[in-house]
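K.L.:
what follows is a predicted protein model with its sequence.
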Amino acid sequence: MLDADAFLQNLSSRIDGFMYSGLNNADYNMTYLSDGFERLLGYDVASFLRNGTSFSSLIHADDLPAVDAAVGAALSASSRWQISYRVKTAGGTWKHVLETGGGRADAAGEIAYLDGIVIDFGRANDLADRIQSGQTALDAIGQASDRMIEMLRSLKMLSLNARIEAARSAEAGAGFGVVAKEMGQLAALGEHVTKAVGTELGHLKSALRL
């Protein structure tokens, strides 16, 4: 039978992130970090714990207020928090992570500890950025499609006017009337195709929407 320590070690090795337990204070000082901490961020676990390094000092300054607010709100409601933010790696780069955690009471019943899991969220953010870029491109294509429909409608109107003038000119305008008729048919077909493209673009945008 798998004991608790072996289970945690096995679980930790299977996630792109780390599990933690720490103090409920402003510095988010850690008392336990799984091996994934070093794999994800590059810091030596033993040194980080021994030195009492502030985990909050690794959180991007622009993101820290939101993290504090999420943790505080969850503790007040006796629930869990889930928040994404940027954390500084040992190499000096910023990594997007997603944290889920909750409070844990001490023997006196006070919420003295914070336990949770932090996972790599970079790929999800990259995907969201690519989807947003795709939606922007689709918007531009949709606008171009709308303009094309207006142009084709104008062409149909010109074709109709040309056919009227050709009819007034009798035999002299017969050839031009045939050309005008063909123009009108092509414009109608183009409008139909362009509308169909616009419809499919709308479906694609809906499918890409997060």
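P.N.:
Cool, the structure landed.
K.L.:
point out where the protein drops to low pLDDT.
P.N.:
Residue ranges of the chain with pLDDT under 70: 1-14, 123-210.
K.L.:
domains in the protein, by residue range?
P.N.:
Segmentation of the chain into domains, based on automatic domain parsing, reads 4-120, 126-208.
K.L.:
distance of Ile117 from Ser78?
P.N.:
Applying Cβ to Cβ, to the nearest Å, the value for Ile117 to Ser78 is 19 Å. Glycine gets a C-beta too; all of them are placed from N, C-alpha and C.
K.L.:
neighbour count winner among the two?
P.N.:
Neighbour totals were compared for Ile117 and Ser78, and Ile117 leads with 18 against 9 (other Cβ atoms under 10 Å).
K.L.:
next up, the contacts around that one.
P.N.:
Ile15, Gly17, Phe18, Met19, Tyr20, Glu99, Thr100, Gly101 (Cβ atoms under 8 Å, 6 or more residues apart in numbering).
K.L.:
between these, which is closest to Tyr43?
P.N.:
Nearest to Tyr43 out of the contacts of Ile117 is Phe18 (Cβ to Cβ; 10.3 Å).
K.L.:
beta partners of that closest one?
P.N.:
Legend: beta-bridge partners of Phe18 under DSSP bridges are Val118.
K.L.:
number of nearby residues for it?
P.N.:
24.
K.L.:
can you pull the contacts of it?
P.N.:
So Phe18 contacts Ser12, Leu33, Ser34, Asp35, Gly36, Phe37, Arg39, Leu40, Ile117, Val118 (Cβ under 8 Å, 6+ apart).
K.L.:
now, the residues you listed that are in helices?
P.N.:
Ser12, Gly36, Phe37, Arg39, Leu40 (DSSP state H).
K.L.:
tell me if I'm right that the third one and Ala46 touch.
P.N.:
When you say that, I think you mean Phe37. No - counting by Cβ atoms under 8 Å, Phe37 sits too far from Ala46 to count as a contact (10.5 Å).
K.L.:
mind checking which of the two has more residues around it?
P.N.:
More crowded of Phe37 and Ala46, by other Cβ under 10 Å: Phe37, with 23 against 10.
K.L.:
which of the contacts of Phe18 count as buried?
P.N.:
Buried members of the contacts of Phe18, counted by 16 or more other Cβ atoms under 10 Å: Ser12, Leu33, Ser34, Gly36, Phe37, Arg39, Leu40, Ile117, Val118.
K.L.:
is it possible to get JSON lines of those residues that adds distance to Ala108?
P.N.:
Conversion of those to JSON lines gives the following (distance: Cβ to Cβ, whole Å):
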{"residue": "Ser12", "distance to Ala108": "30"}
{"residue": "Leu33", "distance to Ala108": "25"}
{"residue": "Ser34", "distance to Ala108": "27"}
{"residue": "Gly36", "distance to Ala108": "31"}
{"residue": "Phe37", "distance to Ala108": "29"}
{"residue": "Arg39", "distance to Ala108": "36"}
{"residue": "Leu40", "distance to Ala108": "34"}
{"residue": "Ile117", "distance to Ala108": "26"}
{"residue": "Val118", "distance to Ala108": "28"}
